[in-house]
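In: what's the 3D shape of this:
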Amino acid sequence: MGAFDYRNFDDRRQNSQNAKAALLEKFKSRPALDDPEMIAKAKARAEVSKAREDRTRERERARVEAERKAAEEKRLREEAELKAQIEREEAEAAALAARKAQETEERKAARDARYAARKARVKIKR
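Out: The predicted structure is shown next:
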């Protein structure tokens, strides 16, 4: 617990009045709004604010441009991947068609060989 405050009510009231008077004096000593110094400060604040807004706008523009560029690169990459996949599937389809054609030819050749062998057996028996 803090030490006992020996000041009385009148001291506290006098200190309060002095503080209020100091605040009032500080407020009254402030320059008017049409003072050239105040106008210059307002202009400086406006310039700082405008510069801040310009930087914010520039950062936003750069961000949007970066996003657009990333989206374009992604689109090009996906198109290239799709094209490669289509070419791969076409090559696989062509290889499958060639393999089926070869198998068909081999089956035909085997069938023709069996047919020729059967004809040869029939001729030998007569």
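
In: which helix or strand contains the residue nearest the centre of the chain?
Out: Central residue of the chain (Cα atoms, centre = their mean): Glu67, 5.6 Å from the mean position. Per DSSP states H and E: Glu67 is located in helix 36-125.

In: cool, and Ala32?
Out: Using DSSP H and E, Ala32 falls within no helix or strand.

In: tally up the residues packed near Ser29, please.
Out: Neighbourhood size, Ser29 [other Cβ atoms under 10 Å]: 7. All C-beta spots, glycine's among them, are computed from the backbone N, C-alpha and C.

In: give me the phi and psi for it.
Out: phi -80, psi -10 (degrees, to the nearest 10).

In: would you mind measuring from the residue nearest to the centre of the chain to Glu53?
Out: 21 Å (Cβ to Cβ, to the nearest Å).

In: likewise Arg114?
Out: Noted for Arg114: a distance of 90 Å to Glu53, by Cβ to Cβ.

In: also Leu33?
Out: 24 Å.

In: before we move on, what about Glu78?
Out: Applying Cβ to Cβ to Glu78 and Glu53 gives a distance of 37 Å.

In: equivalent analysis for Ala101, please.
Out: Separation of Ala101 from Glu53 (Cβ to Cβ) stands at 71 Å.

In: please report how far Arg30 lies from Leu23.
Out: 11 Å.

In: no no, Arg111
Out: Arg111 sits at a distance of 114 Å from Leu23 (criterion: Cβ to Cβ).

In: what do you get for Asp112?
Out: 117 Å.

In: likewise for Gln102?
Out: Taking Cβ to Cβ, one finds Gln102 at 102 Å from Leu23.

In: Pro31: what's its closest spatial neighbour, skipping adjacent residues?
Out: Met38 (5.4 Å; Cβ to Cβ, 6 or more residues apart in numbering).

In: what is the neighbour count of the one you found?
Out: 13.

In: let me see the confidence value for it.
Out: With respect to pLDDT, Met38 scores 86.
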